[in-house]
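Undergrad: A structural model of the following input is requested.
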Amino acid sequence: MAERDLYDVLGVKRDASQAEIRRVFRRRARQHHPDVNPGNTQAAETFKEIAAAHEVLGNEKKRQAYDEFGDAALRTGFDPEQSRQFQQRTAPWSAEPGGAADGPESFDFDLGDLFGGAARTRRGSMPGEDVVATVDLDLATALRGTELSVDAPTGRPCTTCHGTGDQSGTCEQCQGKGRVAVGGGGPMRIAAVCPRCGGHGHPPCPTCHGEGLESGTHPVTVRIPPGADHGARLRVPGLGQPGHGNGPPGDLYIEVRLRPHRSFRRQGLDLYLTLPVSLDEAYNGASVDVPTPAGTVALKVPPRSQSGHKLRLRGRGVRRRAEAGDLYCELEVRLPDREDPQFAAAARATTELYERPVREGISL
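TA: Below is the predicted model:
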């Protein structure tokens, strides 16, 4: 993801508003969702890329950092303020003659400065990572809300190192200093975190590779509020990965995925239903029962209704907090299934009842 421009991945211009970014993400997420494209690995990969791009561009602070620093802003522990201070310190030296590089003095630079000190140790005091779990719901359950148990990915202290991430002894590469010199000689000496021990000075634990955690899952009871839509993310604070060095734990995000319904489809807060009616109900008019999220209601079908005619039930769509959408019923006139000579003759006799040809105006 870091090699591609996130705006191109999501399919928006760099000056797009936050509302437009949300709108494009929802549209493309529905288009490429694995449930809509079963067995399509390319669609699944595109869905992951779109979601990752929206994770940055959909957050104003993350988007601002990405616009300013590019791919560097995507790295874990990146601190925009520290990077700005570093640019201010080094700009005169790197851009103007007579700076530190031209004089006899040496210039010591630690690569950890770019990341707010996060790279100085393998663990330090850092918050735990956020984790994501998905739940698959049918439309009816999502409309009324539910409470369910989710197997959330998490970490627990490593049983070998008991969460320290170390094994005993001194790191051979940095001799316990946690830093190694990189680059050549000259007036500029660059130090970086030791790649072997992660800056801690001790060899990493062979079981957890220095992370101090072992992966696993644990059940979490979560409440899905009424009206949750496909792709919605619900945040459960403090139930993510444990923090390092007494850092706070991350958060758990529950992502909702809706299974397609055989009769209803959802668009925002509105619901759409293809409603079959008999020939008698369409021609003479009728009152028919229609299922809604709040229960069955009577819908009046006007006389001489045509297939495709839409009737609206106000406020009978999705209810979410104080908002409520509408339910649109699109009529589908159904002819009788059985063959009957009398009905066939009566149908032929109806030809003279049409005021104009039924295919009048159809042309290329």
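Undergrad: distance of the most centrally placed residue in the chain from residue 215?
TA: By CA atoms, centre = their mean, the chain has its centre lying nearest to residue 51, at 4.4 Å. Per CB to CB, to the nearest Å, residue 51 is found 21 Å from residue 215. C-beta coordinates here come from the backbone N, C-alpha and C atoms, glycine included.
Undergrad: swap in residue 251?
TA: Per CB to CB, residue 251 is found 17 Å from residue 215.
Undergrad: Neighbour count for those two, which is higher?
TA: Set residue 251 next to residue 215 and count neighbours by other CB atoms under 10 Å: residue 251 wins out with 18 against 11.
Undergrad: Please list all residues in contact with that one.
TA: Residues in contact with residue 251 (CB atoms under 8 Å, 6 or more residues apart in numbering) are 130, 131, 235, 236, 237, 238, 239, 240.
Undergrad: Go through these and flag which are in strands.
TA: Here DSSP state E is the test, and the contacts of residue 251 give 131, 235, 236 as lying in strands.
Undergrad: Relative to residue 264, which of those residues is nearest.
TA: Ranked by distance to residue 264 (CB to CB), these are led by residue 235 at 27.9 Å.
Undergrad: Tell me the bridge partners for the closest one.
TA: On the basis of DSSP bridges, residue 235 is bridged to residue 253.
Undergrad: okay, now it: neighbour count?
TA: Neighbours of residue 235 under the rule other CB under 10 Å: 11.
Undergrad: thought it was touching residue 250?
TA: No: counting by CB atoms under 8 Å, residue 235 does not reach residue 250; the two are 10.6 Å apart.
Undergrad: any idea which element residue 300 lies in?
TA: Secondary structure from DSSP states H and E places residue 300 in strand 295-301.
Undergrad: and that strand, what does it pack onto?
TA: strand 286-292, strand 310-313 (3 or more CB pairs under 8 Å, 6 or more residues apart in numbering; DSSP states H and E).
Undergrad: now the strands for the stretch 51-200 of the chain?
TA: For the stretch 51-200 of the chain, the strands defined by DSSP state E, counting those that start in this stretch cover 107-110, 131-137, 146-157, 179-182, 188-193.
Undergrad: and the nearest residue to residue 26 once chain neighbours are set aside, helix, strand or coil?
TA: Closest residue to residue 26 apart from its sequence neighbours, by CB to CB, 6 or more residues apart in numbering: residue 231 at 6.3 Å. Using DSSP: H, G, I helix; E, B strand; the rest coil, the structure places residue 231 in coil.
Undergrad: what about residue 231, distance to residue 340?
TA: Residue 231 is 49 Å from residue 340, where distance means CB to CB.
Undergrad: Over to residue 230?
TA: Using CB to CB, residue 230 is found at 45 Å from residue 340.
Undergrad: Pick out whichever of those two has more residues nearby.
TA: residue 230 (20 against 10).
Undergrad: Identify the residue spatially nearest to that one, adjacent ones excluded.
TA: residue 258 (4.1 Å).
Undergrad: ok, now which ones touch the one you found?
TA: With CB under 8 Å, 6+ apart, residue 258 has these contacts: 35, 136, 137, 138, 139, 142, 229, 230, 266.
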